[in-house]
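[1] For reference, the sequence and a predicted model appear below.
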Amino acid sequence: MNSRCRLHALVALFLALMASAVGATPSKPNVLFIAVDDLRDWVGYFGHNPQTKTPNFDRLAKMGVSFTRAYCASPVCNPSRAALMSGLRPSTSAVYENNIDFRPLLPESKMLTTAFRNAGYFVHGSGKIYHESYRRRSEWDDYLDKEGGNPKVPAGQSDGVGGIKFAALDCKDEDISDYGIADYGIASLAKKHDKPFFLAVGFHKPHMPWNVPRKYFDLFPLESIKLPPYLENDLDDVPPAGVRMAHPETDHVPMVKSGRWKEAIQAYLATIAYCDMNLGRLLDAFEKSAYKDNTILCLWGDHGWHLGEKHHWRKFSLWEEATRSPLIWIVPGLTKPNTVCERTIDFMSIYPTLTDLCGIPTPTHNEGVSIRTLLGNPAAAWDQAGVTTYRYKNHTARTADWRYIRYANGDEELYDERKDPNEWTNLATKPEFAAKKTELAKFLPTQDAAETDSPASSQKKGQRKNKK
């Protein structure tokens with residue numbers, strides 16, 4: 001062996017010994033993948049709801065790039081998450097509703113978890129990443145199975161209004177399952193990992209029931225609560241298909257009659273604040289860990305939520321409130337702190353962006369587009385729309401300036417988001433906007449998989465559900 005070869009061998013040995021001695025992070029970037037359930041755009045960095053209190057979401061946003069126009073693939077838990085994790089839109093997979101078992105339709109080989117495991121990652125997690133009715137633990141190297149229970153509303157205490165469930169509880173933070181879900185992530189970040197890791201942490205809150213410790217309700221005195229923007233005749237120009245999705249008689253009419261609309265808003269804000277607390281605990285552990293300089297952090301919400309806008313509550317619609325949710329990225333060496341991106345994207349971008357950033361081949365079936373360019377330069381040119389599907393052949397395309405909705409029966413809605421951010425004036429029937437509708441329709445899916453009842457489904461096809 002010549003002197004140069006001996007030198008190279010000694011250097012390699014020295015580096016190996018040093019890595020072993022200090023427990024150095026693997027050369028591939030790790031991924032901390034944080035999901036939040038039913039969280040709409042009531043997060044501080046959006047800047048339009050001053051009554052929300054989200055210091056840790058805002059802290060995370062200041063660490064990297066936050067997106068103000070990021071939209072879900074579907075405004076329902078199961079199809080939204082199945083699409084994000086598989087790379088296939090609901091219109092391709094036929095996973096349209098919560099009662100469809102995605103597992104027979106989306107094989108394990110297509111999933112984001114599999115792409116990372118095949119690349120040598122230790123893939124583990126806790127909480128709600130997929131819809132919890134359909135667990136497939138074989139996708140994970142390790143997963144928290146016992147999250148713990150949640151306190152019940154005491155007998156005799158109101159648990160909300162109809163299907164909108166909320167109550168202040170006299171309990172501790174750790175009595176709610178999200179606390180243990182965060183604990184799992186905290187413990188993982190404190191361990192030594194010999195392989196690069198993909199760590200998923202899925203918070204249930206602010207999903208209903210909005211039952212959290214009373215101290216979080218106390219952050220939002222009832223007399224200070226403001227109702228969201230609301231127009232009494234909002235549905236007058238909405239076509240029948242859109243009104244059916246709003247179903248005002250189910251939730252909104254009872255809520256108004258109860259006189260407890262502000263209490264429901266208070267409860268949602270309190271539950272967001274509880275989620276924010278757990279996020280802060282996880283971020284504290286991340287910043288103290290050995291992995292903070294070599295970990296990509298991606299936080300996403302599965303969809304938004306209505307709280308009376310358009311006479312509608314919950315998700316289950318194709319309007320702004322149900323389709324928009326937070327998205328925050330931190331990528332070492334690429335993102336710049338405290339940056340905001342106003343480009344319009346959807347969550348189908350998450351899978352291909354993660355594989356792109358980690359040097360993993362993106363599977364050819366993937367229907368998303370990597371946003372790596374926007375992470376490096378949030379003002380970069382961009383010509384994509386955010387596309388959302390709810391049930392069979394109902395789609396919306398959202399650009400920076402417009403929203404176009406086309407329903408299965410041909411009904412349409414069109415909103416000029418620059419002049420009408422509350423989507424109060426439907427322009428779809430006006431002849432002068434025909435060209436705009438044609439332009440936006442080009443973004444909609446070109447295939448619509450036939451609806452199917454999954455083998456495990458016991459509910460009637462299309463039945464609305466709002467369970468975990």
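    Ah, there it is.
[2] Okay, and the beta partners of the nearest residue to Ile181 once chain neighbours are set aside?
    Among residues not flanking Ile181 along the chain, Gly127 sits closest, at 3.8 Å (C-beta to C-beta, 6 or more residues apart in numbering). Using the backbone N, CA and C atoms, a C-beta is placed for each residue, glycine as well. Taking DSSP bridges as the rule, Gly127 bridges to Gly202.
[3] where does the protein dip in pLDDT?
    Across the chain, the ranges flagged by pLDDT under 70 are 1-26, 453-468.
[4] Work out which residue lies at the spatial centre of it.
    Gly301 (1.8 Å; C-alpha atoms, centre = their mean).
[5] Identify the residues contacting the residue nearest to that one when sequence neighbours are not counted.
    In space, Gly301 comes closest to Ser325 once its chain neighbours are excluded; the distance is 3.2 Å by C-beta to C-beta, 6+ apart. Ser325 makes contact with 36, 39-41, 70-72, 300-304, 347 under the criterion C-beta atoms under 8 Å, 6 or more residues apart in numbering.
[6] end-to-end on stretch 106-121?
    With C-alpha to C-alpha, to the nearest Å as the measure, stretch 106-121 spans 21 Å from end to end.
[7] So what touches that stretch?
    For stretch 106-121, the surrounding residues in contact (C-beta under 8 Å, 6+ apart) are 28, 31, 82, 84-88, 93, 95, 123, 136, 138-141, 195-198, 351, 354-355, 358-363, 365.
[8] buried residues in it?
    By 16 or more other C-beta atoms under 10 Å, the buried positions in stretch 106-121 come out as 106, 110-117, 119, 121.
[9] Ok, stretch 174-191 next?
    175-186, 188-189.
[10] ditto for stretch 95-108
    Quick answer for stretch 95-108 (16+ other C-beta under 10 Å): 95-103, 105-106.
[11] between these, which is nearest Val153?
    Checking the buried residues of stretch 95-108 against Val153 by C-beta to C-beta gives Asn98 as the nearest, at 23.3 Å.
[12] Go through the buried residues of stretch 106-121 and name the one nearest Arg314.
    Arg314 has its nearest neighbour among the buried residues of stretch 106-121 in Leu106, at 24.6 Å by C-beta to C-beta.
[13] Apart from its chain neighbours, what residue comes closest to the closest one?
    In space, and not counting its chain neighbours, Leu106 is closest to Ser86: 4.5 Å by C-beta to C-beta, 6+ apart.
[14] Could you pull up phi and psi at the one you found?
    phi -100, psi -20 (degrees, to the nearest 10).
[15] how many other residues sit next to it?
    Applying other C-beta atoms under 10 Å, we find 27 residues neighbouring Ser86.
[16] That one: what's it in contact with?
    Going by C-beta under 8 Å, 6+ apart, Ser86 touches 93, 102, 106, 110-112, 351.
[17] mind listing the strands for the stretch 301-450 of the chain?
    Per DSSP state E, counting those that start in this stretch, the stretch 301-450 of the chain carries strands over the ranges 306-307, 313-314, 327-330, 339-341, 345-346, 386-389, 395-398, 402-406, 412-416.
[18] now what about the first one, what contacts it?
    In this case it means strand 306-307. Here strand 306-307 makes contact (C-beta under 8 Å, 6+ apart) with 228, 264-265, 268, 312-315, 317, 319, 321-322.
[19] Then the fourth one?
    Taking contacts as C-beta under 8 Å, 6+ apart, the residues outside strand 339-341 that touch it are 45, 61, 64-68, 374, 378-379.
[20] ditto for stretch 281-290
    Residues from elsewhere that reach stretch 281-290 (C-beta under 8 Å, 6+ apart): 23-25, 32, 34, 56, 59-60, 182, 185-186, 189-190, 192, 201, 292, 295, 297.
[21] Which positions in it come out as buried?
    For stretch 281-290, the neighbour count (16+ other C-beta under 10 Å) marks 281-283, 285-286, 289-290 as buried.
[22] Make TSV out of these and add distance to Glu342 and secondary structure.
    Listed next are those as TSV, based on distance: C-beta to C-beta, whole Å; DSSP: H, G, I helix; E, B strand; the rest coil:
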residue	distance to Glu342	secondary structure
Arg281	30	helix
Leu282	27	helix
Leu283	24	helix
Ala285	31	helix
Phe286	26	helix
Ser289	31	coil
Ala290	35	coil
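[23] In CSV: the residues you listed, plus distance to Val243.
    CSV is the format used below for these (distance: C-beta to C-beta, whole Å):
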residue, distance to Val243
Arg281, 43
Leu282, 41
Leu283, 42
Ala285, 47
Phe286, 45
Ser289, 50
Ala290, 55
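[24] from those, which is closest to Asp411?
    Nearest to Asp411 among the buried residues of stretch 281-290: Leu282, at 42.9 Å, using C-beta to C-beta.
[25] do you know how far the closest one is from Phe33?
    According to C-beta to C-beta, to the nearest Å, Leu282 and Phe33 sit 12 Å apart.
[26] again, but for Thr52
    On the measure of C-beta to C-beta, Thr52 and Phe33 end up 24 Å apart.
[27] mind saving the C-alpha coords of stretch 172-185 as PDB?
    In PDB, the C-alpha atoms belonging to stretch 172-185 read as follows (Å, rounded to 0.1, in the frame of the first residue of the first chain):
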ATOM      1  CA  LYS A 172     -54.500  17.500  33.500                       C
ATOM      2  CA  ASP A 173     -52.700  18.100  30.200                       C
ATOM      3  CA  GLU A 174     -51.300  14.500  30.300                       C
ATOM      4  CA  ASP A 175     -54.800  13.000  30.700                       C
ATOM      5  CA  ILE A 176     -55.400  13.600  26.900                       C
ATOM      6  CA  SER A 177     -53.900  11.200  24.400                       C
ATOM      7  CA  ASP A 178     -52.000  13.800  22.400                       C
ATOM      8  CA  TYR A 179     -49.700  14.300  25.400                       C
ATOM      9  CA  GLY A 180     -48.500  10.700  25.100                       C
ATOM     10  CA  ILE A 181     -48.300  11.000  21.300                       C
ATOM     11  CA  ALA A 182     -45.900  13.900  21.800                       C
ATOM     12  CA  ASP A 183     -44.000  11.900  24.500                       C
ATOM     13  CA  TYR A 184     -43.200   9.200  21.900                       C
ATOM     14  CA  GLY A 185     -41.700  11.700  19.600                       C
END
